[in-house]
Structures are given as C-alpha cells and as structure tokens.
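> Kindly generate the corresponding structure for this input.
(2 chains)
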2 protein chains.
Amino acid sequence: MDLRYPNGKQYTMNKTGINKSIASKSISYSNRGMTLEDDLNVTNQYYLLNEIAVIHKKPTPVQIVHVDYKSRSTAVIKEAYFKQPSTTDYNGVYQGRYIDFEAKETNNTTSFPLQNFHEHQIEHMKKVVAHNGISFVILRFAKTEEVFLLPSSDLFIFWDRMLNGGRKSIKKEEIEEVGHPISLGLHPRIDYIQTVKKIFTI
Amino acid sequence: MDLRYPNGKQYTMNKTGINKSIASKSISYSNRGMTLEDDLNVTNQYYLLNEIAVIHKKPTPVQIVHVDYKSRSTAVIKEAYFKQPSTTDYNGVYQGRYIDFEAKETNNTTSFPLQNFHEHQIEHMKKVVAHNGISFVILRFAKTEEVFLLPSSDLFIFWDRMLNGGRKSIKKEEIEEVGHPISLGLHPRIDYIQTVKKIFTI
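Take a look at the predicted model:
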C-alpha cells in the first residue's frame, strides 16, 4: 500500500509500520529487499550491542487528533496525521560527540535530487554544524546499491547552488568527488562510523 | 480527555496533540497552567533562537496500522497504537557534546516515584553515560513548582537501591542533597543548560 502525504514523501506499509518505498528494487546479497532505513536500523543495533555508538532513528512525527480508549490498557488512535519532521531522522552519541544525520535514497542513476531534503532540515543541519555537532547525510543510489556519506557542509554548497538558480540535484560525479563511499558489509551493514572517524575531528 | 496506555503513562488531549496530564495544578506567575513538557519546549525554542543549544523533544512513538488516503494530499491515520519509547524524550547538542535527558513530574510532595522511569530508559541512560554523553533527568514537584536536575549517575544509585529491595521512590531530601535546583524564569523558563555548564565537564 503506497501513500503520499502532504510533504510529498512516499510511504509503503510493512509489518513494522511505515517505510519509504522503493520501486523496482533489485535484490542482492548485500541488500535482500531491505530499505536504507532497515539497513541503518540493523547497523545502529549493531553499534549499540557492540558498544560503538548510541544512535537511534526518531519516531515518525504524528499529530494525534482522536484516541479511543475502551479500557485502561488499550488506547487506539483513531485519527492522526503525518507531520512534517522539524529535524533529521537520526541522532545520537559517539565518543561524547553529538552525531546527527539524514538518510535518503534515489532510483536515479546519474544524480541525486535535492527535493529529498526539506528547507527546515537543511536549517536544522546548519544549526548542528554551528554547535559543533557531527552532521552529514547518507545517500544511496538504489539501483547500484552505492552508499555515500556527504558532510552537511558539502550538501549546503549544492543546496545554495539550487537556491541561486542552479541545478536541483547533485551530479553523481560530484558526490563521488566530495562524498565518501561506504562499502556494504554484513556486520555492520553500512559502517558509517568508520567514515565518521576518518573525516571528522572527534 | 484522559487516557492511560499500556506503559502506564497518562495523557490528556489538548490542541497540540497529547501531553502528560497534571491533576489539580496550581496556576502561578512562573507556570500559568503549563506542563513541564510545555515549559521545556519553550525553553528549547529559546535555546534554538538564541544559538545556545539545539535540543528537541522526540515525537511520541506510534505504531501505525491503517492509513486512509482519499487523495494524494490527505493521508489520515485511522488505526495506530502508542509504543513504549525505547529512549529518553529529549536530546541534542551543546558545544559539540551530546545531551540526553528525560523530564518527569509528580504530584507527590515528599518523594519522587521511580515508576516514572522504565527499565529500558534507564538502560538507555547507562549507554549514553558509557559513551561519554551528558545524561540527566529533570524532576518537577508540581505542587510546589520546584524543578531539579539529577545526573543519571545519581539516578542509577536510587534505581539500584529499588532493584535490591529498597524504596520505590527517591526521598525529596535525597533529591535536594544530590540534585541541582533549577530556578524558574521567563526567558528561558527552565534554564537547565546553566546547570549543565556547572556540573558537567564540557
């Protein structure tokens, strides 16, 4: 079941709730039908169990309008709406430092559309950078299963280019040039902390 | 409208969604009918605007079961359930450091019941401390409007005492002894960052 809610995001229902949908995804060893979100959840679980970092995905923000409670123990939300997130999806702590990131994927093969991000998320990232937090995005090209870590400071350059009338996406060559490829593994699946250690001052 | 959901929390509906309910709260200058959550949201907004820190409350975790979407622009959640939060409610960054806390209030006047916290929240706090994050709880005695910051490391001592068969609450004298009072103001309302600066190594 697919749905699109006001901020333009697409969701598909699965057993755990909702996940970003991916059309016609290829199934391979490294990614057996899992979304980027699934992969990151498994990775964060690995970091937690192995005492590497404490990173969680924030819950989907929902505006609750009506709750039905037949008994004290069962409250059913009967009417609610998706709210625009005011921050990024993932944050937590690594060696005392604040880590904050957003993860997005595209079915495009030659560029990454900037419409995947919202103005207020960019504003949030700028605040995190200003407060000396570690801020980045994880970008995935779904067709080729390539994953890149792009520091927010680099994302801002492409964002500002768009605001100044430039292209509405980041060329893949640009991501390859300024971003950092993350090779996929099994444990953990997307070892972004290794990349964080290399490129940020901890 | 009050409801109690499986984890025992009580909620009352208001215009912005749901908030923890407070029975028979006194109205005063410092707190005109606002909950601790409202006060902290206003405080965090102040920190954000004045570039002091970037701290947000996490959305209430909800398990979405059924979504109705009549048109592309309106998705209505028709069935959802409250989920037990797996972390604390507030986190963010202050001078590069990770800050993480939970805020609770009681109508008791002589002690603070430990049932306000859940086992997995304590586990989360222990992980944050292990990873050198700044972890604490903000405790409010609603009747007297006294607010204290208690470092998690101190909370663990009272929690372990309970697990070892001791009392299920923290005596108010104990909180006065090891906690740090936060005086209430207008801008910001609950200036917990001042206390954080004093008692944690940034």
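> where does A:V54 land on pLDDT?
Model confidence at A:V54, given as pLDDT, is 98.
> Distance of it relative to B:N44?
According to Cβ to Cβ, to the nearest Å, A:V54 and B:N44 sit 20 Å apart. Yep, even glycine has a C-beta here, placed from its N, CA and C like the rest.
> And for A:V65?
As for A:V65, its distance to B:N44 is 24 Å (criterion: Cβ to Cβ).
> Between these two, which has more neighbouring residues?
B:N44 (23 against 14; other Cβ atoms under 10 Å in any protein chain shown).
> So that one sits against B:K58, correct?
No. B:N44 lies out of contact with B:K58 (Cβ atoms under 8 Å); the separation is 11.8 Å.
> ok, how many other residues are close to A:P113?
There are 14 residues near A:P113, going by other Cβ under 10 Å.
> Settle this for me: it is touching A:E105, isn't it.
No. Using Cβ under 8 Å, A:P113 makes no contact with A:E105, being 10.8 Å away.
> tell me, what's touching B:N44 and B:K58 both at once?
Residues touching both B:N44 and B:K58 (Cβ atoms under 8 Å, 6 or more residues apart in numbering or on different chains) are B:Y90.
> who are the neighbours in contact with the nearest residue to A:V76 once chain neighbours are set aside?
Of all residues not flanking A:V76 in the chain, A:D68 sits nearest, at 4.7 Å (Cβ to Cβ, 6 or more residues apart in numbering or on different chains). When contacts are counted by Cβ under 8 Å, 6+ apart, A:D68 touches A:A75, A:V76, A:I77, A:K78.
> Name all residues that make contact with the last one.
A:K78 sits next to A:H66, A:V67, A:D68, B:K78, B:E79 when contact means Cβ under 8 Å, 6+ apart.
> cutoff 6 Å now
Contacts for A:K78 (Cβ atoms under 6 Å, 6 or more residues apart in numbering or on different chains) come out as A:H66, A:D68.
> you'd agree it is in a helix?
No. Counting by DSSP: H, G, I helix; E, B strand; the rest coil, A:K78 is not part of a helix but strand.
> I'd like the mean pLDDT over stretch A:85-101, please.
What stretch A:85-101 shows for mean pLDDT is 96.
> anything in it near chain B?
Yes. Using Cβ under 6 Å from any Cβ of the partner chain, a contact is recorded between stretch A:85-101 and chain B, made by A:T87, A:V93, A:G96, A:R97, A:Y98.
> Can you tell me which of those residues is nearest A:S183?
The closest of the residues of stretch A:85-101 next to chain B to A:S183 turns out to be A:R97 (Cβ to Cβ; 23.3 Å).
> Beta-bridge partners for that closest one, please?
Taking DSSP bridges as the rule, A:R97 bridges to A:Y94, B:R97.
> Pull the number of nearby residues for it.
A:R97: 22 surrounding residues under other Cβ under 10 Å.
> which residues in chain A form helices?
Ranges of helices in chain A, per DSSP state H, are A:36-49, A:119-130, A:152-163, A:172-178, A:192-199.
> Take those and lay them out in JSON lines including distance to B:K143.
Listed next are the helices of chain A as JSON lines, based on distance: least, Cβ to Cβ, whole Å:
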{"stretch": "helix A:36-49", "distance to B:K143": "38"}
{"stretch": "helix A:119-130", "distance to B:K143": "36"}
{"stretch": "helix A:152-163", "distance to B:K143": "45"}
{"stretch": "helix A:172-178", "distance to B:K143": "56"}
{"stretch": "helix A:192-199", "distance to B:K143": "46"}
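> And those: which comes nearest B:I182?
helix A:119-130 (23.6 Å).
> buried stuff in that closest one?
Buried positions in helix A:119-130, judged by neighbour count with 16 or more other Cβ atoms under 10 Å in any protein chain shown: A:Q121, A:I122, A:H124, A:M125, A:K126, A:K127, A:V128, A:V129.
> which residues are contacting it?
A:S86, A:T87, A:T88, A:D100, A:S135, A:S152, A:W159, B:V54, B:V93.
> any idea how far A:F200 is from the residue nearest to A:V76?
47 Å.
> picking up where we left off before, who wins for most neighbours among the contacts of A:D68?
A:I77 (26 neighbours).
> pLDDT weak spots in chain A?
Chain A contains residues with pLDDT under 70 at A:1-33, A:71-72.
> Give the bridge partners for the residue most central in space within it, please.
Centroid-nearest residue in chain A, with Cα atoms, centre = their mean: A:A103, separated by 1.9 Å. Under DSSP bridges, the beta-bridge partners of A:A103 are A:I138.
> Pull the contacting residues for it.
Shown in contact with A:A103 (Cβ under 6 Å, 6+ apart): A:L36, A:L40, A:I138.
> What count of nearby residues applies to the second one?
Per other Cβ under 10 Å, the neighbour tally for A:L40 reads 24.
> go on, the first one?
Taking other Cβ under 10 Å as the criterion, the count of residues near A:L36 is 22.
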